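J.: Coordinates for the following, if possible.
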Amino acid sequence: MHKEDFCKEYLPKDGKLFVFSHSIGCYIALRLLPFLLQNKWDVGMVYTMYPVIERMEETQNGKILKPIGNIRDFDPRLIQHEPYITFYYGYNDAWTHENAGEDMKKRLSRPDRVIFDEHRCDHVIVFKDNEKIAKVMAEWVNSYMDPLIRIILPRISRKMRRRRSRRFANFFL
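T.: Numbering: from 1, shown residues only. Sure, this is the predicted structure:
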């Protein structure tokens, strides 16, 4: 409920909304998606990166910790709005069941919405592989942007780099 309250208070409805979630946050994002759609947010996509949404107790790290809440069996309601969801699975992810990505492909009408990380980044992307993942995320958003904006952003980025403005140049990947 507090995520819904946050959305009501802080998220404008006049633009396309892209939700990027990671690990256990994927479960929360997928539970939040029906609320966003019902309340007329223009959801472009919910990206779940290294999703921990099922069988956590069977994972390498999940065996050490007690499972959180109901993250045991897969809940089909999590993918009821499938056209708005992309799954991004890592290889050898100690927090995700080893067959989770392949199982998800079988559940979806569009198995191409399940992507496996070709960079073989670690689950803890924030510490080790943040630049690689940021580029992947930028490509995803860019694929939804207006063609004119796709032409303008690289030009702005080049200009900023010429000015050696590191603070903003890295924003445009």
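
J.: Name the SS class of residue 17, please.
T.: strand (DSSP: H, G, I helix; E, B strand; the rest coil).

J.: same question but for residue 43, I mixed them up
T.: strand.

J.: What is the burial count for it?
T.: The local packing of residue 43 (other CB atoms under 10 Å) involves 17 other residues. From N, CA and C alone the C-beta is placed, and that goes for glycine too.

J.: how near is it to residue 34?
T.: Separation of residue 43 from residue 34 (CB to CB, to the nearest Å): 10 Å.

J.: In the chain, which residue is most central in space?
T.: residue 47 (2.6 Å; CA atoms, centre = their mean).

J.: Is it in a helix, a strand, or coil?
T.: Assignment for residue 47 (three-state DSSP): strand.

J.: Correct me if wrong: it contacts residue 89.
T.: No: if you go by CB atoms under 8 Å, residue 47 and residue 89 don't touch, sitting 11.8 Å apart.

J.: May I ask which helix or strand of this protein has the lowest mean pLDDT?
T.: None of the helices or strands of the chain scores lower by mean pLDDT, DSSP states H and E than helix 166-169, at a mean of 40.
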